[in-house]
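Engineer: model this:
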Amino acid sequence: MSKNLIHFINMIIRHLTQNGAMEIDGLYESPFTEIAPHGPDALFASDDMDRIVSILKAVRATAAPAHEVA
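Structural biologist: Numbers count the residues shown, from 1 in each chain. Sure, this is the predicted structure:
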């Protein structure tokens, strides 16, 4: 696994930790484009991108709104 792949995944984790969820479109915007200027599809194999998208959708579907967090 390349340094850029690991850095990109760590950025996703950091975003999820800070925000609770993430829109798929965010992967194609700054700061992610600093690592992958042409989007994550240029870094990850198609199957891996499908997994990332599935995980982000699952997180969004199960994330509690801020007013529900204790």
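Engineer: Please count neighbours and contacts with C-alpha atoms only from this point.
Structural biologist: Will do.
Engineer: Centre-most residue in the chain?
Structural biologist: Central residue of the chain (Cα atoms, centre = their mean): Ile12, 3.9 Å from the mean position.
Engineer: Name the SS class of Asn10, please.
Structural biologist: Following DSSP: H, G, I helix; E, B strand; the rest coil, Asn10 is assigned to helix.
Engineer: ok, it - how many residues close by?
Structural biologist: 12 (other Cα atoms under 10 Å).
Engineer: ok, it to Ala64 distance?
Structural biologist: Noted for Asn10: a distance of 22 Å to Ala64, by Cα to Cα, to the nearest Å.
Engineer: And the pLDDT at the residue nearest to the centre of the chain?
Structural biologist: pLDDT, Ile12: 97.
Engineer: Secondary structure element holding Phe44?
Structural biologist: Using DSSP states H and E, Phe44 sits within no helix or strand.
Engineer: Who are the contact partners of it?
Structural biologist: Leu5 (Cα atoms under 8 Å, 6 or more residues apart in numbering).
Engineer: One more pass at 10 Å, please.
Structural biologist: For Phe44, the contacting residues are Leu5, Ala36, Asp50, Ile52, by Cα atoms under 10 Å, 6 or more residues apart in numbering.
Engineer: and whichever strand or helix holds the third one, how far out from the chain's middle?
Structural biologist: When you say that, I think you mean Asp50. With elements taken from DSSP H and E, the one containing Asp50 is helix 46-62. Computed by Cα atoms, centre = their mean, to the nearest Å, the chain-centroid distance of helix 46-62 equals 8 Å.
Engineer: Right, I'll call it a day here.
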